[in-house]
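*Asks:* Sequence and computational prediction follow.
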Amino acid sequence: MANEVIFADLDKGDLADIEIYRKHGGYKVLEGVLAKRIEPGQLRNQIKDSALRGRGGAGFPSGLKWGFIPPNIKGNVFLVCNADEGEPGTFKDRDILLYNPHLLIEGMVIAAYIIGANIGYVYIHGEIFEVYEKFEKALMAAQSAGMIGKGLFGTDFSFELHAHCGWGAYICGEETALLESLEGKKGQPRNKPPFPASFGLYGRPTTINNVETFACVPYILKTGADEFLKLGKTNNGGTKIFSVSGHVAKPGNYEVPLGTPFAALLEMAGGMRNGKKLKAVIPGGSSTPVLPAEVAMQMNMDYDSISKAGSILGAGSVIVMDETTCMVTALERLAYFYHEESCGQCTPCREGTGWLWRVVNRIKCGDGKPEDIELLKQVAHNIDGHTICALGAAAATPIVSFLKHFGEEFEYAVTEQELMVTTGFGC
Amino acid sequence: MDVKITINGKKRNVRGRTTVFEACRQAGVYIPHFCYHPKLTIPANCRMCLVEINKAPKPMPSCATYVTDGMVIDTNSPKPQISQRGVMEFLLINHPLDCPICDQGGECQLQDLAVGYGASATRYTEKKRVVFEKHLGPLITTVMTRCIHCTRCVRFGQEIAGNMELGMVGRGEHSEIMPYIESTVDSELSGNMIDICPVGALNSKPYRFSARTWELKRTAGVARHDSWGSYIHIHSKDQQIKRVIPRDHEEINQCWISDRDRFAYTGVNSAARLLHPYIKKPDATKTQRVEWQAALSYAVKQLTDIINSYGADQVGVLLGPQVSCEEAMLAADLFRSINVFNIDFRLRQQDFELDGYQQGVAWLGVSIEEIYNLDGALLIGSDPANELPLLPIRLRNATQLAAKGIHAVGSLDLAGNLPIADQFIVPPSKYAYTLAALCQCMVSAGESLPTWITDFGEPSERHRQFAKQLQERKNPAIWLGAQAQNATDYALIYRLAAKLASLLEGFQGVLVDGANAIGIELAGATPHRGFMLEKLEQPGLNSRQMINQQLKAYVLIDCEPLDCADPHSAHAAFEQACVINIGSYFVGANEYADIMLPATSFGECMGTLVNLEGNAAKMEPAVLPPGEARPTWKILRVLANMMDVTGFTFEDIIQARAKLATAGDFSELLNCKLTNMPPPRSVAKEKFAVGEFERLAEVGHFAGDSVVRRAVPLQETQIAARSRMLSMHPADLAQLGISPGDQALVSLADQAASNIEVTCIVRADDSLARGCARLPWGNDHTAILGACSRIMVRQVTTEHQAVGGVG
């Protein structure tokens, strides 16, 4: 029960080669949709029924999102793929771009047809330049094969798709910062409202989705919404790629049905490395709350269950930590990341993330004071919900959750002026 | 449509599309803020204005949230209070605690709000951020560590000044406001960044460390360096002007003023200031300091002697165009009473053919506020940012003009900072032809144009295209800029523009050159019209004739040779004559003046100025005049009494103003129309030699009047440096084999004066029309060239380099 949707045919050859991709049924769904000129609204209903939710982190129902673009608009409507994967623990989009790029292209052309977009962009993270180069090749091939361009499959539907390589800023994964960056400006989030559906790229209606979301589209339309939904569970349709990293025997990307128990996913990843005991799990990437082992082991991997367990599925980036991990050190790394990646536009995040990191770093170095723990909580609280974009909240979340579940390690560090666990990396 | 909202428990109706911030402001509820500025876009980045709104899970930024029906807003409940305190704490952690040595102290938004929202002690024990200073030029000084990243200065550059000169680079905590590498802030409006900076990061360099805000006396004044007539506040201490800041006046200058108006005060107390009366007898070699009475008696004696021996028509009175209405009126009354009819203030104008044919005073044609509603505009021979720095702000903010663009006929590419629909970039000699061609494109079938227009030649396809687009605009403004007004064929351009305005069903206007030009004209200080434009039986000489005819005596009121189109001839005329100089500067005047009477300068006397839309504004004295300087109106009164001229019995300026006040409403007199004027002489086609260039008829941005020319910080700006250079199109320079930065030899195209030569540093400017050169007036170094409109440019040979001076 794994690799059924996006990674299904990976064993059948290099799918980045358009010939091989087409031999295994690639672009058939697109051709079918356009040849039969299926009404976009009907297709959108299928996406709705499949309960496909945004795979980038927020988990917003895609069918609903695609209805936000007003129909019959004069002028450009943009479709943007967010491939700016930069959060610690995430590495799934990279593999889709690398190993199955045509699936993404096919999904995007179909999505463009559904929402009525005529131009698309794939914004690829700046630190994976070789992936960008390979994707450009796939894009060329798709263009020469007539999968993108003018008057596709004899219809009057045209769609141009371009790839753009960013420069490696985490903030450009935030959809409006991505749009700013794509426009050639400094990557800083915009105020919302207006949302991209009404004022997006160059001020035009724009839909932005994650790579994995688009990659699910051909499968849904091929097998039907019900089949996709059945793969997962109600309100959590389909499979999800989990990027499992950390102290496991076989880290990597695992595409499993939503609702799979975490224990099963851990087993798939070869279990804990060197037979160590599980200590903590960050289930959705560094901006989601950490969970202690006992909670994680009881949890199923889908949007609703993880939410019930007190965290977020996010981008499905499972960071597994074993008993040797010093949580103070782990938090220091995360705090430093957000301090480094804050765009600096709005006050709480610009000033607060640096403050958080400095205090955690002080605690780690044995210079903490007992009142620092309360200070951390208050500073995190003052950032959370007060910023333009979600980066502020993302920086505050690890602080709050680490202190909540592993508070004793921090208490120990500030009273004893030394770390409780000293066996882990970086201690 | 109105929506019902509740603010802090009180129900209110407000208009839709109002922000929560604005709705609260209307209700008298203050919301703390830093990045919000009413004239700039809303970034909502300071997060200080967070308020609680029902249905919103998180506090919302009130500046960027619009009211909706039934909205319940709480600005003081615990939630926003915690948010605001939290944001204030974040803003202060890296802000230095240097208020005692900070110029902003006492008028600092951060300081004020820290009292209300800050904690008494900090919880931040880490090292504070240090940010290196940036060099932004001679007007703005920085303490970048104090910056709170509100980006007001960045947005000001982009949205108001029309040129992004500052930006925020770097990420997160390392974000810094900085200019382009190795560049400074060179806008004509840069000083406004000092005002809008909510903290002490950007300060005024000339004012720095010289006073505290609470020690300053505030006096309402009017700027007198261009005809926009910006309202200002003069801040003074110990009888010294310390700084000038804008006085909010939505109809004219909003909350902005130009750098010229802001920093010109630094020239008032220059070392060159004339503080005592001086006289220089013909047989003496040196000027001699005397008592007021002696100076006045000598002046009267000299004047009477010359009138008696040569006649009153050998006396010329020249006024600077910034002289107040009262002073201009008194001067006109006094000198006409003694039969001196040669009086003029139009020192930079070269073509006076229109005199006697104007129905009124040429003005903007609309009020400044109405620019907002214009559908189209045609600028002729204008560099708006240079002439009237606040005009581009209005043009960019006018809805239709910004959307559809404006049209221009001139020698400069204006697309850099104005919304341009189409423009002709031609040398000044082609203005008339271009306008005539456009007239011909617009004339409908069956109508015909007078032959003096058709004689210019057939229009081209390009003209037709331009005309077609312009014709689509409703009632466009046809504006003549300073380069047209000061051109040698101004009357012709003016008449063609008038024709164009009637063909387009638009209106004509003039971007008036000279701070109080309209006021002085109404006061009667022109050779052909008296008080309130009353027609004179006996017209006198205009400024150009007065200078060219080398009269026996001149009375100069706030007028220097550099104020004239041809400073060289003016200087020569003054040197050979008896000159009574009523002015503020010793250095310069001592070369030619026989009697120097020290007069008040900017900020030292009362007076009325009329701006280009006809708004009369009063100035109040901010400081006492230095030394023995006296207001010009007092000097004129005493002179009148000594010459037994009646009617000069007033004791203060308010009595003197009475005549002006009783004249009543003068809006009827603001009129650009001409009476029937005979057809102009046919225009000879000019031939240009190789290496010959047309020089734009303009004055340097910081060289327009005596005070500005002595304002040291302004003279140190890039704008001033550029106006001392010779600017030409890079292709023209390449043809001449001159590289930018090199020196070039400039001489007069006129063969007769081929011995006159000046070396200038050359600058490439691709916004300039081919075949043109910019070498603005108002500069000592190039004064010898006079007002010449055609110059020769050559490479400097080694021989010249050895002896040549540098501009």
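*Replies:* Structure received.
*Asks:* Quick check: closest non-adjacent residue to residue A:361.
*Replies:* Residue nearest to residue A:361 in three dimensions, not counting chain neighbours: residue A:332, with 5.5 Å by Cβ to Cβ, 6 or more residues apart in numbering or on different chains. Every C-beta, even on glycine, is put in place using the N, C-alpha and C of the backbone.
*Asks:* Please apply the same query to residue B:5.
*Replies:* residue B:71 (4.5 Å).
*Asks:* sorry, back to before: can you name the next helix or strand after the helix or strand containing the residue nearest to residue A:361?
*Replies:* Taking DSSP states H and E as the definition, one finds residue A:332 inside helix A:327-341. Heading C-terminal from helix A:327-341, the first helix or strand you meet, by DSSP H and E, is helix A:347-364.
*Asks:* Tell me the helices and strands packed up against the helix or strand just after that following helix.
*Replies:* Once helix A:347-364 ends, the next helix or strand along the chain (criterion: DSSP H and E) is helix A:372-383. The helices and strands touching helix A:372-383, judged by 3 or more Cβ pairs under 8 Å, 6 or more residues apart in numbering or on different chains; DSSP states H and E, are helix A:347-364, helix A:391-416, helix B:78-93.
*Asks:* if we go to 6 Å?
*Replies:* helix A:347-364, helix A:391-416 (3 or more Cβ pairs under 6 Å, 6 or more residues apart in numbering or on different chains; DSSP states H and E).
*Asks:* so where do the strands sit in the stretch 501-650 of chain B?
*Replies:* Secondary structure of the stretch 501-650 of chain B by DSSP state E, counting those that start in this stretch: the strands cover B:507-510, B:553-557, B:578-583, B:595-598, B:607-610, B:616-619.
*Asks:* Taking strand B:553-557 as reference, get the angle to the longest one.
*Replies:* For strand B:578-583 against strand B:553-557, the angle by axes from the mean of the first three to the mean of the last three Cα atoms, to 10 degrees is 0 degrees.
*Asks:* partners of strand B:578-583 in the sheet?
*Replies:* strand B:553-557 (parallel), strand B:595-598 (parallel) (DSSP bridges).
*Asks:* Could I have the CA atoms of the helix holding residue A:332 written out in PDB?
*Replies:* What follows is helix A:327-341, C-alpha atoms only, in PDB (Å, rounded to 0.1, in the frame of the first residue of the first chain):
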ATOM      1  CA  MET A 327      15.800  19.200  22.800                       C
ATOM      2  CA  VAL A 328      17.400  22.500  23.800                       C
ATOM      3  CA  THR A 329      20.000  22.100  21.000                       C
ATOM      4  CA  ALA A 330      17.300  21.000  18.500                       C
ATOM      5  CA  LEU A 331      15.200  24.100  19.300                       C
ATOM      6  CA  GLU A 332      18.300  26.300  19.000                       C
ATOM      7  CA  ARG A 333      18.800  25.100  15.500                       C
ATOM      8  CA  LEU A 334      15.200  25.800  14.500                       C
ATOM      9  CA  ALA A 335      15.100  29.200  16.200                       C
ATOM     10  CA  TYR A 336      18.300  30.100  14.300                       C
ATOM     11  CA  PHE A 337      16.600  29.000  11.100                       C
ATOM     12  CA  TYR A 338      13.700  31.400  11.600                       C
ATOM     13  CA  HIS A 339      15.900  34.200  12.800                       C
ATOM     14  CA  GLU A 340      18.000  33.800   9.600                       C
ATOM     15  CA  GLU A 341      15.000  33.500   7.200                       C
END
